[in-house]
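**Student:** fold the following for me, if possible:
(one chain, ligands or ions: 1)
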Amino acid sequence: MNLKLRWFVTFAAWAVVLTTVISVLLTQVASNQIRQQAGNSLADVAYQMSDKLERGMFERYRDIQVAASLVAKLQLENNTEGMQRLLNRLQTTYSDYAWIGLTDAEGKVLVATQDLLEGNDVSDRPWFRNAINDISYVGDVHPALLLEEALAAEQGGEPLRFVDIAIPIRNAEGDITGVLGSHLNWRWGRELESSVINTMKLGGSAEMILVGNDNQVVLGPKELMEHEISSQALEELSLNNSGYLIETWDNGVTYVVGYAQNRGYRDYEGLDWKVIVRQPLRDTFAPVTELRKNAILVSVVVVILFAFIGWFSAERISRPLLEITAAARALGNDPRVNKIPMLRDYPEVNDLSVALNTLIQRVDDKQRQLTQLNEDLDHKVRRRTKEVLKANEDLKYEIAERRKAQLEREKLIQELERQASTDALTGLANRRYFFEHGDRLLKRAKRQDQPISMLMFDLDYFKAFNDEFGHAAGDEVLVAVGNLILGTVRETDIGARTGGEEFAVVLDSTDLEGAEMLANRLHRGLNSLKFDSIPDDRTVTMSLGIALWDREENLEHLLNRADKVMYEAKQKGRNQTVTASS
Ligand SMILES: Nc1nc2c(ncn2[C@@H]2O[C@H](COP(=O)(O)OP(=O)(O)OP(=O)(O)O)[C@@H](O)[C@H]2O)c(=O)[nH]1
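**Tutor:** From the prediction side, this is the model:
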């Protein structure tokens, strides 16, 4: 839910809560006030009605008292006509007197208004019976009996109800000679009721109920007329003469009920009339209902207003934030955007814009530093790589050079070794190599139990040859002898130049027979050699000694033995072979 919607809902919710609380409190206060006002108003009306009734009855009572004294005087004068006029005039001045009449002491009507009931006997009527017994009588509302037919037309069909007032008539001696009685039309009560209701401006639903002393309704709604009612108000009247309460009546309707009772006026003692004014609570509370309706309407308006205030406030707050957010999103994506717009809608947004731009500036600076560092690092890496590559190349070159030097050294060593072990002129092994390797050959032959033979030979008269043909020719002969040996013996044999024109060959795995065969081959080879510098008939010979190796002797001893027999060959005339005896 975005901010606008959230504030819209939140403001609306708060408005609902506030307006509901205010409405409830308002209607609660209003209903309390209205109930109090309505109650007091109804109690007031009841009181006014009660007061007017009692005063009205007092006036009628006094009328009849005055009339009674006048009638008594006229009766003394036997002025019947005067009495007739008096009664008619009284009725004329106050039309609610339905009937006024004078009886004798036996209850016979002597004079009456409009001559009605004259001559009739009313001795059994309560008003007469009370008054004739010297009790001034005011009787409660009652239906018409004798006058019903005579007065029905005047009433418009509504049943006639009267209130009776009767006063005894006395003669000069003070004896009761008759009764002056009157029937007050109860229409008076109704007129009084509507006058009070109108004066007090009560609503149309207010009803007035006058309850007689036997709890019978004598004035009120038709359905209650002449019925006994029970109401809390009647009980309250025994404690207070005015007040109000709220109660539900037998018809199921709840009323605000005002009540009042005035007990007579001056010397009029009253009829114990109780006045109740009731109005349905629903009607009384009509203004509250109206107020509630209006409150709901106002609440709806306030809720909508608040919701939109929330909406527009959120819009005002969120718009710059959204703008900043959009710019922040575009940063890095859109090359045209490189900063947050400076918005001044309200101080916080301004602060945010400044803070974000400062942050961006710092990030940019760091980025630049980082880029610079990267470039430097890259540069260093490239330089170092170049250096390493160069060092590598140098190393490779050095290794190659070293390897080359090593090879040369090895070659040199080999050459030196070869030179150290080889006779330079003939290419045969020299004396040192001969002894080193000859001994090894003897040891191996011993292990393998193989025979070894030694050839030892020396060129004959070589001094003379040198002298005759020159030293170079002698060298040429020595080289040729070397080649002859190398080409005749096996690779495992060791041929060596052991002295100037002296040679020795150790023959591996060779017995005397093989040695002699090889000696012969060498003799033949030497004899057949041809040289450029000497004539073909001049041959070179050699004296040769052979010794078979004795397993117990060393190389030197073996060589000495071969040498010894070689000298024997010299002494025997040269160009021959002598084999040493074992
Ligand atoms: N050309 C040449 N002559 C050499 C070399 N070495 C030794 N001689 C010569 O060989 C000769 C050896 O002479 P002698 O020891 O007297 O022996 P000979 O003359 O051969 O006599 P017999 O051995 O008794 O037959 C000397 O004259 C040396 O100078 C060499 O390398 N080259």
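**Student:** how about the residue nearest to the spatial centre of the chain: what's its closest non-neighbour residue?
**Tutor:** In the chain, the residue lying closest to the centroid (CA atoms, centre = their mean) is residue 1, at 10.8 Å. Taking CB to CB, 6 or more residues apart in numbering, and ignoring the residues beside it in sequence, residue 1 has residue 9 as its nearest neighbour in space, at 7.6 Å. In short, each C-beta sits where N, CA and C put it, glycine included.
**Student:** immediately after the helix or strand the one you found falls within, which helix or strand?
**Tutor:** Following DSSP states H and E, one finds residue 9 within helix 3-76. Sequence-wise, the next helix or strand beyond helix 3-76 is helix 80-93, with elements assigned using DSSP H and E.
**Student:** name the next helix or strand following that next one along the chain.
**Tutor:** In the C-terminal direction, the helix or strand that comes right after helix 80-93 (DSSP H and E) is strand 97-104.
**Student:** mind listing what's buried along that following strand?
**Tutor:** By 16 or more other CB atoms under 10 Å, the buried positions in strand 97-104 come out as 97, 98, 99, 100, 101, 102, 103.
**Student:** got JSON lines for these, with pLDDT and distance to residue 480 too?
**Tutor:** Formatted as JSON lines, the entries for the buried residues of strand 97-104 read as follows, by pLDDT from 0 to 100; distance: CB to CB, whole Å:
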{"residue": "97", "pLDDT": "91", "distance to residue 480": "203"}
{"residue": "98", "pLDDT": "90", "distance to residue 480": "201"}
{"residue": "99", "pLDDT": "93", "distance to residue 480": "205"}
{"residue": "100", "pLDDT": "94", "distance to residue 480": "208"}
{"residue": "101", "pLDDT": "95", "distance to residue 480": "211"}
{"residue": "102", "pLDDT": "95", "distance to residue 480": "215"}
{"residue": "103", "pLDDT": "95", "distance to residue 480": "214"}
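**Student:** residues in the stretch 351-500 of the chain within reach of the ligand, list them.
**Tutor:** In this structure, the stretch 351-500 of the chain approaches the ligand at residues 458, 460, 461, 462, 463, 464, 466, 471, 474, 475, 478, 500, judged by CB under 6 Å from any ligand atom.
**Student:** the residues you listed in strands, which ones?
**Tutor:** residue 458 (DSSP state E).
**Student:** still on that earlier bit, any idea of the mean pLDDT in the helix holding residue 9?
**Tutor:** Averaging pLDDT along helix 3-76 yields 90.
**Student:** quick one, it and helix 80-93 angle?
**Tutor:** Using axes from the mean of the first three to the mean of the last three CA atoms, to 10 degrees, one finds that helix 3-76 and helix 80-93 are set 170 degrees apart in direction.
**Student:** now do the contacts for the residue in the stretch 451-582 of the chain that the ligand sits nearest to.
**Tutor:** Of all residues in the stretch 451-582 of the chain, residue 474 sits closest to the ligand, with a separation of 2.2 Å (CB to the nearest ligand atom). With CB atoms under 8 Å, 6 or more residues apart in numbering as the criterion, the residues that contact residue 474 are 462, 465, 466, 501.
**Student:** mind checking pLDDT for it?
**Tutor:** According to the model, residue 474 scores 94 on pLDDT.
**Student:** and for residue 457?
**Tutor:** According to the per-residue confidence, residue 457 scores 96 in pLDDT.
**Student:** sec struct for the closest residue to it other than its chain neighbours, please.
**Tutor:** Excluding its sequence neighbours, the residue lying closest to residue 457 (CB to CB, 6+ apart) is residue 544, at 4.0 Å. At residue 544 the chain is in strand, as set by DSSP: H, G, I helix; E, B strand; the rest coil.
**Student:** for residue 181, same thing?
**Tutor:** strand.
**Student:** okay, and the beta partners of the spatially closest residue to it that is not a sequence neighbour?
**Tutor:** What sits nearest to residue 181 in space, not counting adjacent residues and going by CB to CB, 6+ apart, is residue 166, at 4.2 Å. For residue 166, the residues forming beta bridges with it (DSSP bridges) are residue 137, residue 181.
**Student:** contacts only, for residue 166.
**Tutor:** Neighbour list for residue 166: 64, 127, 128, 130, 131, 136, 137, 139, 179, 180, 181, 182 [criterion: CB under 8 Å, 6+ apart].
**Student:** out of those residues, which one sits closest to the ligand?
**Tutor:** Taking those together and measuring to the ligand by CB to the nearest ligand atom, the closest member is residue 139, at 200.3 Å.
**Student:** please look at that closest one and residue 181 and confirm they touch.
**Tutor:** No - in this structure residue 139 lies outside contact range of residue 181 using CB atoms under 8 Å: 9.6 Å.
**Student:** can you list residues touching both of the two?
**Tutor:** 127, 164, 165, 166.
**Student:** let's have the residues you listed in JSON lines, adding distance to the ligand and pLDDT.
**Tutor:** Below are the shared contacts of residue 139 and residue 181 laid out as JSON lines (distance: CB to the nearest ligand atom, whole Å; pLDDT from 0 to 100):
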{"residue": "127", "distance to the ligand": "206", "pLDDT": "93"}
{"residue": "164", "distance to the ligand": "202", "pLDDT": "92"}
{"residue": "165", "distance to the ligand": "203", "pLDDT": "94"}
{"residue": "166", "distance to the ligand": "207", "pLDDT": "95"}
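**Student:** these: which two are farthest apart?
**Tutor:** Spanning the widest gap among those are 127 and 165, at 7.5 Å by CB to CB.
**Student:** so what pLDDT did residue 154 get?
**Tutor:** Residue 154 is assigned 56 on the pLDDT scale.
**Student:** what do you get for residue 149?
**Tutor:** pLDDT recorded at residue 149 is 65.
**Student:** related to what we said a few turns ago, overlap in contacts of residue 127 and residue 165?
**Tutor:** When contacts are counted by CB under 8 Å, 6+ apart, the set common to residue 127 and residue 165 consists of 137, 139, 181.
**Student:** the first one reaches residue 163, doesn't it?
**Tutor:** No - counting by CB under 8 Å, no contact exists between residue 137 and residue 163, whose distance comes to 10.6 Å.
**Student:** which outside residues touch stretch 113-122?
**Tutor:** In contact with stretch 113-122 (CB under 8 Å, 6+ apart) are residues 87-88, 90-91, 97, 99-101, 103, 106-112, 128, 146-147, 150, 181.
**Student:** quick one: buried residues of it?
**Tutor:** So for stretch 113-122, counting by 16+ other CB under 10 Å, buried means 113, 114, 116, 117, 122.
**Student:** same question for stretch 281-291.
**Tutor:** Buried positions in stretch 281-291, judged by neighbour count with 16+ other CB under 10 Å: 281, 283, 284, 285, 288, 291.
**Student:** and stretch 457-476, by the same measure?
**Tutor:** Within stretch 457-476, the residues that qualify as buried are 457, 458, 459, 460, 462, 465, 466, 469, 473, 474, 476, counting by 16+ other CB under 10 Å.
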